[in-house]
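> Got a sequence here, can you model it:
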Amino acid sequence: MADPKIPPREVPQNDAGYFEKITQAVFQAGFSWEVVRNKWPNFQQAFAHFDIDIVANFTEEDVERLLEDRGIIRNGRKIEATIKNARTCQHLIAKHGSFKAYLDSLDAVDYNQRAKKFSKQFKFMGAMGAYFFFWSVGAEVPPYEEWRASQEK
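As a prediction, the model looks like this:
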């Protein structure tokens, strides 16, 4: 049986689904998954169900609105990172045809190189966020204990 504190592991059905998982990884940093999960329906509303084009066009007024939204985690840097990450997704989709195709382009390298390249693309995406993202979208990742030990070196 799955641990209810851990998000489900599933391949997103579209680009918005991948963007949603990126955003979960960003907001997860520094919080328990349970806090993020409990607020997630509010995040979906606040971020236009992760429609990349809509979020990429968010303005300062949208940032202010989100900073006032008690239903989400009101971290201005993470909110701004989410908007920037939507713009990054737009660029990668334009270049590769889909977000999945972008991820497939990273398959030629080992996990650590793939995670490093991925992390460099997105704001607020560290090693743990990248691991969470790849794991949550069903990508191949090293066993957690092995990965964690490699991070401590």
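
> Would you mind pulling up the elements that the biggest helix by length in the chain packs against?
Longest helix in the chain by number of residues, with DSSP state H as the criterion: helix 76-96. Packing partners of helix 76-96 (3 or more C-beta pairs under 8 Å, 6 or more residues apart in numbering; DSSP states H and E): helix 15-28, helix 52-56, helix 60-68, helix 99-105. For the C-beta atoms, the positions are set from N, CA and C on the backbone; glycine is no exception.

> deepest of those, which one?
Among the helices and strands packed on helix 76-96, judged by mean count of other C-beta atoms under 10 Å, the one packed with the most neighbours on average is helix 15-28 (a mean of 23).

> From Glu68, how far off is the spatially most central residue of the chain?
Centroid-nearest residue in the chain: Ile22, 1.0 Å away (criterion: C-alpha atoms, centre = their mean). Per C-beta to C-beta, to the nearest Å, Ile22 is found 23 Å from Glu68.

> can you check Phe122 too?
25 Å.

> do the same with Ala130
For Ala130 relative to Glu68 (C-beta to C-beta), the value is 30 Å.

> Any chance of TSV for the helices and strands packed on helix 76-96, columns distance to Glu140?
Formatted as TSV, these follow (distance: least, C-beta to C-beta, whole Å):
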stretch	distance to Glu140
helix 15-28	16
helix 52-56	25
helix 60-68	34
helix 99-105	11
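
> I'm done for today, thanks for sticking with me.
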